[in-house]
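Q: model this:
(one chain, ligands or ions: 1)
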Amino acid sequence: MNRHQRIVLAEPRGFCAGVRRAIGIVERALDLHGAPVYVRKEIVHNHHIVEELRKRGAVFVDSEDEVPEGAVCVFSAHGVSPAVRAGATARNLEVIDATCPLVSKVHQEAVRYARDGHVILLVGHAEHEEVEGVRGEAPERTIVVESTEDVERLDLPADTPVAYLTQTTLSFDETAVVVEALHRRFTDIAGPNGDDICYASQNRQNAVKSLARANDLVLVVGSRNSSNSIRMVEVAREHGCAAHLVPDATHLDPGWLESVSSIGVSAGASAPEVLVRGLVERLAALGYTDVQVDDGAAEDVVFAMPARLADPVTGRIPRTPLADEAR
Ligand code: SF4
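A: Down below sits the predicted model:
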């Protein structure tokens, strides 16, 4: 065994404030209302979390149309369009909104730009739920662009009043390139002074860059449909390091570890720490027993929970096991 085999854990990693809040909302809704509590789409993009909540009585549906009239329905952290809200109202659903406040901010920007007569250029992945929701604020005025090629293909005069918005979980280096292309292409352009990429995505990407510089391999714990986790893998590769997405320890391929003495490990914003621990244990069994931490930005962001989820007796919102899992 190589005596220098080590693991370097990224800090920060794993749950962001929006994910903790969203998971906590489903847990509190189950505590207060009992099962079933319906959740439109995956509350956050993590298979383990969805399964744990399903075991407790959450029922995940693709559409508000599948929820029985009058039932409790939680909207996921990724946000929903006004059409979805209207559909829920028409079914008399008791909605609890777990949209991340940073996603809600992008919705508000879309509403404002549409009202001011801008064409909205939404930088993001067309099929992602967050993008679907934001586009739904002004579908007739919004165009989704993913790349500089998409920008070049836009069939709009250069002096069209445009405003750009960006999905919160993109790679900020790639996004900067697309935003620069928009500035070259249009003369009358408004935007959020940079991008809308959230603090958690930025911090996790920065931490992964640091891992990529100092290790032979980077492993990112996250589900295959987790946008921010996928971006973290891409960022590591762009910085010259082999990298893989690992939904959980069972997906580790020992073949990746050939000639690897130092492994950087991080986790996407929706991945619970229990999955990181599982991966670290599996790596330890393979000889990577020296565990270090690469300290990055300190995070102390907390988003308030909806007051209606407070305990009726104490008036406080108790901690919940999945959302508040400790390191
Ligand atoms: Fe909110 Fe960012 Fe977390 Fe998404 S990744 S839930 S935008 S804090």
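Q: and the helix or strand where residue 263 lies, is it in reach of the ligand?
A: Taking DSSP states H and E as the definition, one finds residue 263 inside strand 262-267. No - contact of strand 262-267 with the ligand (C-beta under 6 Å from any ligand atom) is absent, the minimum separation being 12.1 Å. For the C-beta atoms, the positions are set from N, CA and C on the backbone; glycine is no exception.
Q: could you give me the average pLDDT of that strand?
A: The pLDDT scores in strand 262-267 average 98.
Q: what helices or strands is it leaning on?
A: Applying 3 or more C-beta pairs under 8 Å, 6 or more residues apart in numbering; DSSP states H and E, one finds that strand 262-267 contacts strand 6-11, helix 199-214, strand 217-221, helix 227-238, helix 273-285.
Q: again, only using 10 Å
A: strand 6-11, helix 199-214, strand 217-221, helix 227-238, strand 242-246, helix 273-285, strand 290-295 (3 or more C-beta pairs under 10 Å, 6 or more residues apart in numbering; DSSP states H and E).
Q: Go through those and name the closest to the ligand.
A: Comparing the helices and strands packed on strand 262-267 by their distance to the ligand (C-beta to the nearest ligand atom), the top pick is helix 199-214, with 4.2 Å.
Q: just the CA coordinates of the closest one, formatted as CSV?
A: What follows is the C-alpha trace of helix 199-214 in CSV, where atoms were taken according to Å, rounded to 0.1, in the frame of the first residue of the first chain:
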residue,chain,number,x,y,z
TYR,A,199,-23.0,31.9,-3.4
ALA,A,200,-23.2,28.1,-2.8
SER,A,201,-22.4,27.2,-6.5
GLN,A,202,-19.6,29.8,-6.6
ASN,A,203,-18.0,28.6,-3.3
ARG,A,204,-18.3,24.9,-4.3
GLN,A,205,-16.7,25.6,-7.7
ASN,A,206,-13.9,27.6,-6.1
ALA,A,207,-13.3,24.8,-3.6
VAL,A,208,-13.2,22.2,-6.5
LYS,A,209,-10.6,24.3,-8.4
SER,A,210,-8.4,24.2,-5.3
LEU,A,211,-8.9,20.4,-5.1
ALA,A,212,-8.1,20.1,-8.8
ARG,A,213,-4.8,21.9,-8.4
ALA,A,214,-3.5,19.8,-5.6
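Q: could you check the angle strand 262-267 makes with it?
A: For helix 199-214 against strand 262-267, the angle by axes from the mean of the first three to the mean of the last three C-alpha atoms, to 10 degrees is 170 degrees.
Q: Which positions within helix 199-214 qualify as buried?
A: For helix 199-214, a neighbour-count test (16 or more other C-beta atoms under 10 Å) marks 199-201, 203-212 as buried.
Q: how about these, which pair is most distant?
A: Farthest apart among these by C-beta to C-beta are 199 and 212. That separation is 20.3 Å.
Q: now check stretch 309-327, is it near the ligand?
A: No - figure legend: stretch 309-327 not in contact with the ligand (C-beta under 6 Å from any ligand atom); closest approach 12.3 Å.
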